[in-house]
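Trainee: Dropping a prediction and its sequence here:
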Amino acid sequence: MNSLLDIHDLTVAYHRKPVLWDVDLELHQPQLAAIVGPNGAGKSTLIKAVLGLVPLASGRAQIFGEPVARVRQRIGYVPQRESVDWDFPVSVLDVVLMGTYGRLGWFRRPGRDEREWARECLEKVGLAQYEHQQIGQLSGGQQQRVFLARALAQRADIYFMDEPMAGVDAATERLIFQVLADLRAAGKAIIAVHHDLRTVPQYFDYVVLLNVRLVAAGPRETTFTPDNLRKTYGGRLALLDAAADAIAAGSGAP
Amino acid sequence: MIESALHALRENYNFVVILCGVSLLGAGAGIVGAFAVLRKRALTGDALSHAALPGVCLAFLVLGERNLPAMLLGALASGILGVAIISALVRWTRVRDDAAIGIILSVFFGLGIALMGIIQRMGSVGNKAGLSSFILGKTTGITGADVWIILASAAICLAAIVVLYKEFLAVSFDADFTQSLGWPVYAIDLLLMSLVAAAVVIGLPTVGVIMISALLIMPGAAARFWTDRLSTLLVLAGGLGFVTGVVGTTLSYTFDKLPAGPVIVLTGAALFLLSMLLGHRRGAIARILAHRRFRRSWQERQLLRTLYELIESSGFRQRSVPQDDLLSLRAWSPAEAQKLVQEAAVAGLVLPLPGGRVALTDQGWQQALEATRGHRLWQTFLAEYPEQAGSVVNLASVSVDDHLPPALSDELQAKLVAAGRWPASEVAP
């Protein structure tokens, strides 16, 4: 059986300093996976390396057993919110429509079908009434949901998301998670950089612990342990205590 | 001025030719430049035009005579070389792009000026080269054949933008996402920069290397003050570039001592200034008015809330408070407080009473309740969710309901009720 995601021997370096070092990672089944690690651990870079957005020093990444370039249309991507200029003169619907560009290919413009589909995606993230607004008028949480809607519009089978819940309020976080859970239930895989250790047990069923090297990866119950977290974060205890509480709470939940 | 322009129009075929040429150039440069500005490549056009000068001179030196197509090809080649060196510097060294642009721009321009000096020393040939028009621009040199070339290039720019609108939009807004679709972001960028280069090179003999970048940048930047829609922005940028060409050429033709480049740029600047002041989307005047409106309504809400809180702290025994008490809670001067009370009185919200007291009217009481509720809901929200302060809170609206989901707003209200801090309407005296 082909693996869903197969990262082998991946190294990325900026000016000789390794950002990712000899990372091996395999996912066999669709998972709701969190990439967790301290600042500068290379979490975003891992996603960008898989998608071919940063040059690799060595290694390769395959998706569905094929080179990434051959399965682009099955991949969805949510970049970090800060990576774009929200002052850009486009409407909310324009941005979501970009999710349909991959299937449209060159020269063709999005038509009625694409518009309807984009509106459907906006509805799923609860922003239907904002479609004509300029994107800069939205709040941070709403902007994050616009990016999520754009990824939904890609109709992908595997989604890479860079901090999809950063800077959003608790209700929006639950809404976003619900969308992710629905995708997962529909057999899609989601690999998301997640910054908040406390909510990992609540939302994710697979965990990738990263700090330049891969520390551990596996089902959350066996991998998201205080021991592994210590290996990932070093001795920052306050953080780990909070995580330990979350782990205890998470394992107590049904 | 208009009369003399009309006179010139009747009298002079040349003028019509030049007018057409510069206006078309303005329109084409405006549209292409608008995308360059959105892609944050505005300075690349500037570097490109300055780097084109040595190419012009070298073409002249090699051929030994003035040959416009060859000189423009030379300009294109050295302009592209300059931009290529800039991106190589950024990619392979630790020089940042603003520094790289600064270095290449001045070095190539300096080289061009040095070459011009050599050409001018060559005696009779050198004087006929007319190279100085490449620096400051000279519209009188445009011929009927040039207009066709300019028209063709403007048409090519326009066609490329229409056909590749979606591709340029995607790359300008979010290059990483576009690359994740498997699109050749680098090639699309290169194409956009080629269009910029085409506009620059065509504009060189007319507007000159120093000022052509203004024709690229200003129309797009000015159009942004009028619209939030990209398609409208591109049309406007083309229109503003066209108008810049028409007015600039007319002025320069009317006062024939003025070099064309500076006049065209100053015309563009005037349009930019007008847009900056008057643009209804984000023009300065619209912003100042909006800010004043916001400030007024904010101050009014502050006043009402302060009155409510004073009445609340007195145990709701009376609906009026001494006006001076306002100063104990707010950082207003007595004059400011007096002005706010007067304005609120005109709006029918408060009633100044004899003895320096202020009372809330029924309408004022309702609004004070709302203002206080909104304020306390926001404060509670910030206390409960401090990490979201920057992204969610909006002082421009009274109620949190526009920004938070109803369930969350209910939860916050319940907290306030439990703490006995929820302003309830039934305690109105």
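Mentor: Ah, there it is.
Trainee: From now on I want contacts and neighbour counts done on CA atoms only, so please keep to that.
Mentor: Will do.
Trainee: so residue B:278 makes contact with residue B:285?
Mentor: Yes - look at residue B:278 against residue B:285 with CA atoms under 8 Å: they come within range, at 6.0 Å.
Trainee: Nearest residue to residue 74 in space, please, no chain neighbours.
Mentor: Went with chain A since none was named. Leaving out its chain neighbours, the residue that sits closest to residue A:74 by CA to CA, 6 or more residues apart in numbering or on different chains is residue A:156, at 4.3 Å.
Trainee: other chain: chain B
Mentor: Distance criterion CA to CA, 6+ apart; nearest residue to residue B:74, sequence neighbours excluded, is residue B:55 at 4.2 Å.
Trainee: And that neighbour, how far from chain A?
Mentor: For residue B:55, the distance to chain A (CA to the nearest CA, to the nearest Å) stands at 34 Å.
Trainee: in the one helix or strand residue B:115 maps to, what's buried?
Mentor: Assigned by DSSP states H and E, residue B:115 belongs to helix B:97-121. Buried residues in helix B:97-121, counted by 16 or more other CA atoms under 10 Å in any protein chain shown: B:97, B:100-101, B:104-105, B:108-113, B:115-116, B:119-120.
Trainee: ok now it, how far from the chain's centre?
Mentor: Relative to its chain's centre, helix B:97-121 lies at 29 Å (CA atoms, centre = their mean, to the nearest Å).
Trainee: Who are the packing partners of that helix?
Mentor: Counting contacts by 3 or more CA pairs under 8 Å, 6 or more residues apart in numbering or on different chains; DSSP states H and E, helix B:97-121 packs against helix B:42-63, helix B:68-92, helix B:124-128.
Trainee: Check those helices for me and report the most buried one.
Mentor: helix B:42-63 (a mean of 25; mean count of other CA atoms under 10 Å in any protein chain shown).
Trainee: Would you confirm that residue A:78 contacts residue A:151?
Mentor: Yes - in this structure residue A:78 lies within contact range of residue A:151 using CA under 8 Å: 6.1 Å.
Trainee: now residue B:155: how far from chain A?
Mentor: For residue B:155, the distance to chain A equals 18 Å [CA to the nearest CA].
Trainee: and that residue, helix, strand or coil?
Mentor: Under DSSP: H, G, I helix; E, B strand; the rest coil, residue B:155 falls in the helix class.
Trainee: Let's verify the nearest residue in space to it that is not next to it in sequence: helix, strand, or coil?
Mentor: In this structure, residue B:155 finds its nearest non-sequential neighbour in residue B:28, 7.6 Å apart by CA to CA, 6+ apart. Following three-state DSSP, the label given to residue B:28 is helix.
Trainee: Residues of chain B that sit close to chain A?
Mentor: Within chain B, the positions near chain A by CA under 8 Å from any CA of the partner chain are B:38, B:163-164, B:166-167, B:170, B:173-174, B:176-177, B:179-182, B:224, B:227-230, B:385, B:387-388, B:391-392, B:405, B:408.
Trainee: What ranges does chain A have for its strands?
Mentor: With strands called from DSSP state E, chain A shows them at A:5-14, A:17-27, A:32-36, A:58-63, A:66-67, A:75-78, A:158-162, A:189-193, A:206-211, A:213-219.
Trainee: closest to chain B out of those strands?
Mentor: Distance to chain B, taken as CA to the nearest CA, is lowest for strand A:75-78 among the strands of chain A, at 6.8 Å.
Trainee: The closest one and chain B, are they touching?
Mentor: Yes - counting by CA under 8 Å from any CA, contacts between strand A:75-78 and chain B involve A:77, A:78.
Trainee: Can you name the residue of the stretch 101-250 of chain A nearest chain B?
Mentor: Using CA to the nearest CA, the single residue of the stretch 101-250 of chain A nearest to chain B is residue A:140, 4.7 Å away.
Trainee: Surely that residue is in contact with residue A:164?
Mentor: No - using CA under 8 Å as the test, residue A:140 is too far from residue A:164 to be in contact (11.1 Å).
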